[in-house]
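**Q** Sequence and predicted structure are below.
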Amino acid sequence: MKKQPQITEKTRQTFIEVFCELYSQKPIEKISVQEIAKKSGYNRSTFYQYFTDIYGLLDSVENDLFNDMKKELANQELSMHTFQDTLYCLDKKEHLLVLNALLGDYGSARFLKRLKNEITLGQLQLNVPQNHALTPYFIEFYLTTSLSLFRLWIQRQKDLSSEQFFKLVENLYSSGITPFFKK
């Protein structure tokens, strides 16, 4: 007997949600398949019908996020994107649980590196000199700073509205922090 697609997707999503909750609270090495299955209300064999192991689940979570980001960027019909456009695509309610896990205290540097690599630099609109010896440093500064600010915003439970946050990032790049200290 074949399972209905919506039931199997709901089961898969339940495993993802429980994993993300746990990954927000502790390192991946401390998370077991048994713990995920038990908290999900399923047994271990059901987990293995969807994922090979914990790291397979992590890859699936990351891939789903990247695929959503790419679809959203493609729907914008722009030939060039700013890095903020990319982060804006991730600023969706349905991504919050995943981002809290991946960008949280126990998230991995591997995810941040992968996120940087997934963003096609050829499609990013960066105001940096091309073919300059310092260009890789400018790009790294831009990407790392943007990701770090985004990560802080997520960890602070989005204490600024999306508009406020992205305007802040834009102002920091264009004017620095000095204007914020003027009376």
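**A** Looks like it came in fine.
**Q** What is the neighbour count of the nearest residue to residue 162 once chain neighbours are set aside?
**A** Once flanking residues are discounted, residue 162 sits nearest to residue 91: 5.3 Å by C-beta to C-beta, 6 or more residues apart in numbering. Placement of C-beta: from N, CA and C, glycine included. Residues near residue 91, counting by other C-beta atoms under 10 Å, number 18.
**Q** Can you check my assumption that residue 158 lies in a strand?
**A** No - counting by DSSP: H, G, I helix; E, B strand; the rest coil, residue 158 is not found in a strand; it is coil.
**Q** Mind giving me the packing neighbours of the lowest-mean-pLDDT helix or strand in the chain?
**A** When each helix and strand of the chain is scored by mean pLDDT, DSSP states H and E, helix 83-90 comes last, with a mean of 73. Applying 3 or more C-beta pairs under 8 Å, 6 or more residues apart in numbering; DSSP states H and E, we find helix 83-90 packed against helix 54-75, helix 135-155, helix 162-175.
**Q** contact partners of the first one?
**A** Identification of contacts with helix 54-75 by C-beta atoms under 8 Å, 6 or more residues apart in numbering yields 15-16, 19-20, 23, 28, 31-33, 36, 50-51, 81, 85-86, 89-90, 92, 95, 98-99, 101-102, 111, 114-115, 118, 123.
**Q** Checking my notes, residue 48 in a helix, right?
**A** Yes - per three-state DSSP, residue 48 lies within a helix segment.
**Q** Helix or strand: which one has residue 107?
**A** For residue 107, there is no enclosing helix or strand under DSSP states H and E.
**Q** For the residue nearest to it when sequence neighbours are not counted, the count of nearby residues, please.
**A** Excluding its sequence neighbours, the residue lying closest to residue 107 (C-beta to C-beta, 6+ apart) is residue 101, at 6.4 Å. Neighbour count of residue 101, defined by other C-beta under 10 Å: 23.
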